[in-house]
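Colleague: Sequence plus predicted model, see below.
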Amino acid sequence: MVSEEEVMEVLEKIVDPETKVDIVNMGFVYNIEVDGGKVDIEMTLTTPGCPMQKVFVSKVKESVGSMDDVEDVEVSLVFEPPWSPEMMSQSAKKKLGWNKI
């Protein structure tokens, strides 16, 4: 069975084309639940109207869905709590020159 940590490693390979930072370090991934072959991912984006919504959801489903033992991937986009730069990892903040946040 796949673990939450393994799913997180796969998600770290999905990069936001605008910032060149992966979605995990951007703070977009809120929760991962694994139940046998089913993986539920709760994530956000910088804004509810982000034009990359469909692209990110598709990439997450495709990437996680290609993992061994994963049969189904559900992605829920949520905007509570709203994303803010404070949610980024220190390495993301440094890469973007926002390490004062």
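Modeller: Structure's in. What do you need? As the structure is a prediction and not an experimental result, all values here were calculated from the model. Residues are numbered from 1 along each chain as shown.
Colleague: From the contact counts, what lies against the helix ranked longest in the chain?
Modeller: Under DSSP state H, the helix in the chain containing the largest number of residues is helix 53-65. Contacting helix 53-65 under the criterion 3 or more Cβ pairs under 8 Å, 6 or more residues apart in numbering; DSSP states H and E are the following elements: helix 4-11, strand 38-43, strand 72-77. In short, each C-beta sits where N, CA and C put it, glycine included.
Colleague: buried ones in the first one?
Modeller: Meaning helix 4-11. 6, 7, 10, 11 (16 or more other Cβ atoms under 10 Å).
Colleague: Over to stretch 51-64?
Modeller: Along stretch 51-64, these residues count as buried under the neighbour rule (16+ other Cβ under 10 Å): 56, 57, 59, 60, 61, 63, 64.
Colleague: ok, the nearest residue to the third one once chain neighbours are set aside to residue 99 distance?
Modeller: So the one you mean is residue 59. With Cβ to Cβ, 6 or more residues apart in numbering as the measure, residue 14 is the residue that lies nearest to residue 59, at 5.1 Å, once sequence neighbours are left out. In this structure, residue 14 lies at 23 Å from residue 99, with Cβ to Cβ, to the nearest Å as the measure.
Colleague: out of those two, which sits in the more crowded spot?
Modeller: Using other Cβ atoms under 10 Å, the more surrounded residue of residue 14 and residue 99 is residue 14, with 19 against 12.
Colleague: Pretty sure the more buried one sits against residue 56.
Modeller: Yes. The pair residue 14 and residue 56 qualifies as a contact (Cβ atoms under 8 Å) at a distance of 7.2 Å.
Colleague: any common contacting residues for those two?
Modeller: residue 23 (Cβ atoms under 8 Å, 6 or more residues apart in numbering).
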